[in-house]
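Enquirer: Structure for this input, please:
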Amino acid sequence: MFQSQSATLFIPSLSGSISLAALVIPAILTLSCESDSDPGSDAVKLTPSGKITSSLIPEPSGIVKSRTYPGVYWVHNDKGNTARIFGVRLSGELIQPPGQTGFDGIQVKNADNKDWEDITCDDQGYLYIADLGNKESDRRDLVIYKLREPDPFTDSSVKPEAKYPVYYPDQTAFPAPSGNYNCESLFWSDGFLYVLTKHDSDGNTRLYRLDSLKTDRPNGLTLLGTWPAGGKVTGAEASPDGQKLAVLTYNAIRIYQKPEPGKPWLDGSFKSLRLVEMKYEGICFSTGDTLVVSNEEGDQFAVPVSGLKD
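Expert: Residues are numbered from 1 along each chain as shown. Below you'll find the predicted structure:
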């Protein structure tokens, strides 16, 4: 059974005017053995390390840590909102260009937010946004946007460098009776983009890889296999060193070790942490030893990787 834990994370500042106290975010995580239905359950309740309170972000979905700007996390809204991204701190503080009035996020030009569900980054300074939300499994306009990471301290807009239409070659009916072609997870690893599906009919997930990058016609996603996920997958992210994959559901976190060459990610062994169920939406690595998890209410949780067990 997990013991109560806490940690302190130091967030580097880009401004010398911020005091040392402002760089410390205490009480990152409390793991308490708590369950609504089973007193003996080992499910834990996460304690927020921060909260997004800006009215510009009513329902944050995906989250990824910037590889360019220290202490910056990129988030975006779910469907029903305009195409824009936001830089925030782990505390939830919205980053705004100094002196800019009427700031309402960094607009993503020539893009639509039909149902943005996740965001990831590569090692070349690009962000990728997954417009792959497909709750009814009936969409024929699924898209992944590629954009150069903007400067959260100066930019008010960014234009995508590419727009990749995608589809599932194994889907033959629209809507699909199974309801298993929804997707809320996008991650980058070893030069490729991957997605994990969120199933309505069972506790599995399918892993797909984007092997072509055509912009003038749809790209068929390569199906790598189906695995038990233990719940509905709502987020995923590979570690910066490429050796781990974090997968999030409403009631668990799993970290997969990279499998031997030639095998897909979910063939690797994994450690897990059972969670008291919540509408968790996004996950990313803050460091190799710490995860950041977000929910649709704007809470942000820092979770030590050491809290996950075999």
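Enquirer: Which per-residue confidence value corresponds to the closest residue to residue 94 other than its chain neighbours?
Expert: With sequence-adjacent residues excluded and distances taken as Cβ to Cβ, 6 or more residues apart in numbering, residue 94 is closest to residue 54, at 4.3 Å. To be clear about C-beta, it is placed using only N, CA and C from the backbone, and glycine gets the same treatment. As predicted, residue 54 sits at a pLDDT of 97.
Enquirer: Help me confirm that residue 54 is found in a strand?
Expert: No - judged by DSSP: H, G, I helix; E, B strand; the rest coil, residue 54 forms no part of a strand; its state is coil.
Enquirer: Number of residues surrounding it?
Expert: Residue 54 is flanked by 17 other residues according to other Cβ atoms under 10 Å.
Enquirer: Can you give me the distance of it to residue 60?
Expert: Distance, residue 54 to residue 60, by Cβ to Cβ, to the nearest Å: 10 Å.
Enquirer: can you check residue 147 too?
Expert: From residue 147 over to residue 60 (counting by Cβ to Cβ), the distance is 18 Å.
Enquirer: which one of those two has more residues nearby?
Expert: Between residue 147 and residue 60, residue 60 has the larger neighbour count (other Cβ under 10 Å), namely 25 against 21.
Enquirer: what does the model give the closest residue to that one other than its chain neighbours for pLDDT?
Expert: Among residues not flanking residue 60 along the chain, residue 75 sits closest, at 4.7 Å (Cβ to Cβ, 6+ apart). Note on residue 75: pLDDT of 98.
Enquirer: Next, the contact list for residue 75, please.
Expert: With contact set as Cβ atoms under 8 Å, 6 or more residues apart in numbering, residue 75 has these partners: 52, 57, 60-63, 85-86, 88, 119, 282, 294.
Enquirer: Let me have these in TSV, extended by distance to residue 141.
Expert: Shown next, in TSV, are the contacts of residue 75 (distance: Cβ to Cβ, whole Å):
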residue	distance to residue 141
52	28
57	25
60	23
61	18
62	19
63	24
85	20
86	24
88	29
119	19
282	23
294	26
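Enquirer: quick check, nearest of those residues to residue 102?
Expert: residue 86 (14.8 Å; Cβ to Cβ).
Enquirer: Identify the residues contacting residue 212.
Expert: 219-220.
Enquirer: Just say helix, strand or coil for the nearest residue to residue 303 once chain neighbours are set aside.
Expert: Spatial nearest neighbour of residue 303, chain neighbours left out: residue 291 (4.4 Å); criterion: Cβ to Cβ, 6+ apart. Under the three-state scheme (three-state DSSP), residue 291 adopts strand.
Enquirer: what about residue 291, distance to residue 176?
Expert: Computed as Cβ to Cβ, the residue 291 to residue 176 distance reads 31 Å.
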